[in-house]
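Sequence and predicted structure are below.
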Amino acid sequence: MPVKIRLQRRGKKGKPFYWVVAADARSKRDGKFLEKLGTYNPNTNPAQISLDVDGSVKWLQNGAQPTDTAKRILSYKGALLKHHLLGGVAKGALTEDQANKKFEDWLEEKDQKVEGKKGDLAKAREDAKAKALDAEREINEKRKAAATEADAEVATEEAPAEEAVEEAATTEAEAPSEEAAEGEEKNADA
């Protein structure tokens with residue numbers, strides 16, 4: 001029976017979530033499987049992968065062939081490296097302690113890279129947030145300046161209008177009205 005290590009789709013529409021499984025090559029994509037080896041969630045950044053490395057290595061040693069995507073996942077988590085190192089132990093090129101030491105060193109280096117990427121992503125998010133806040137502050141300052149200018153213009157326009165109204169009121173009070181002047185002229189004629 002040919003065995004494949006492949007992904008089995010779970011999740012909902014638009015939000016895929018995968019199980020990494022060892023299954024008969026003839027079974028359906030989401031059908032029966034022999035063993036669940038881990039999970040893969042591509043919806044997060046970086047993608048979340050949990051994998052039973054020892055179970056995967058056991059299946060690889062028994063002849064299971066990974067699909068392309070499953071092979072990348074196995075490589076990312078170190079299952080292919082461990083399989084390779086155990087092959088060296090079987091041939092006598094390495095001792096088991098040396099193989100375990102190399103694998104542990106590789107895992108530490110990989111964890112540092114992943115943490116560095118997470119840190120870079122967090123820093124990029126903070127920078128983007130800071131830029132957005134700066135842009136928003138700038139826009140708010142422009143709005144405040146425009147509002148202040150508009151208030152100043154309204155105040156300067158209202159001041160001459162008030163002065164003109166006051167001047168008109170004072171000239172009317174000082175000058176006799178035209179009707180009164182006409183009435184005096186009629187009285188003088190009569």
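Great, that's in hand.

From now on I want contacts and neighbour counts done on CA atoms only, so please keep to that.
Will do.

Pick out the residue closest to the middle of the chain.
residue 125 (6.8 Å; C-alpha atoms, centre = their mean).

check which helix or strand covers that residue.
Using DSSP states H and E, residue 125 sits within helix 96-174.

Could you check how far the residue nearest to the centre of the chain is from residue 139?
21 Å (C-alpha to C-alpha, to the nearest Å).

Can you report how many residues lie near residue 41?
18 (other C-alpha atoms under 10 Å).

If we ignore the residues flanking it in sequence, what's nearest residue 82?
Distances taken as C-alpha to C-alpha, 6 or more residues apart in numbering put residue 103 closest to residue 82, at 6.5 Å, once the chain neighbours are dropped.

Can you get me a residue count around the one you found?
Using other C-alpha under 10 Å: residue 103 sits among 17 other residues.

what sits against it?
Residue 103 makes contact with 78, 81, 82 under the criterion C-alpha atoms under 8 Å, 6 or more residues apart in numbering.

per-residue confidence for the last one?
Spelled out, that is residue 82. We have a pLDDT of 89 for residue 82.

That one and residue 57 touch, don't they?
Yes - with contact defined as C-alpha atoms under 8 Å, residue 82 counts as touching residue 57 (7.1 Å).

show me where pLDDT drops low in this protein?
For the chain, the stretches with pLDDT under 70 are 1, 159-190.

The residue nearest to the centre of the chain and residue 131: what is the separation?
For residue 125, the distance to residue 131 equals 10 Å [C-alpha to C-alpha].

Equivalent analysis for residue 3, please.
According to C-alpha to C-alpha, residue 3 stands 52 Å off from residue 131.

ok, these two, which is more surrounded?
Using other C-alpha under 10 Å as the criterion, residue 3 and residue 131 rank with residue 3 on top: 20 against 12.

who's in contact with that one?
Each residue near residue 3 by C-alpha under 8 Å, 6+ apart is listed here: 22, 23, 24, 25, 63, 64, 65.

Show me this structure divided up by domain.
3-94, 108-173 (automatic domain parsing).

hmm, back to that, now render the contacts of residue 3 as CSV, adding secondary structure.
Formatted as CSV, the contacts of residue 3 follow (DSSP: H, G, I helix; E, B strand; the rest coil):
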residue, secondary structure
22, strand
23, strand
24, strand
25, coil
63, coil
64, coil
65, strand
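
between those residues, which is closest to residue 146?
Nearest to residue 146, judged by C-alpha to C-alpha, of those is residue 22 at 66.7 Å.

Run a quick check on that closest one versus residue 5, I expect a contact.
Yes - proximity of residue 22 to residue 5 meets the contact threshold set by C-alpha under 8 Å, at 4.4 Å.
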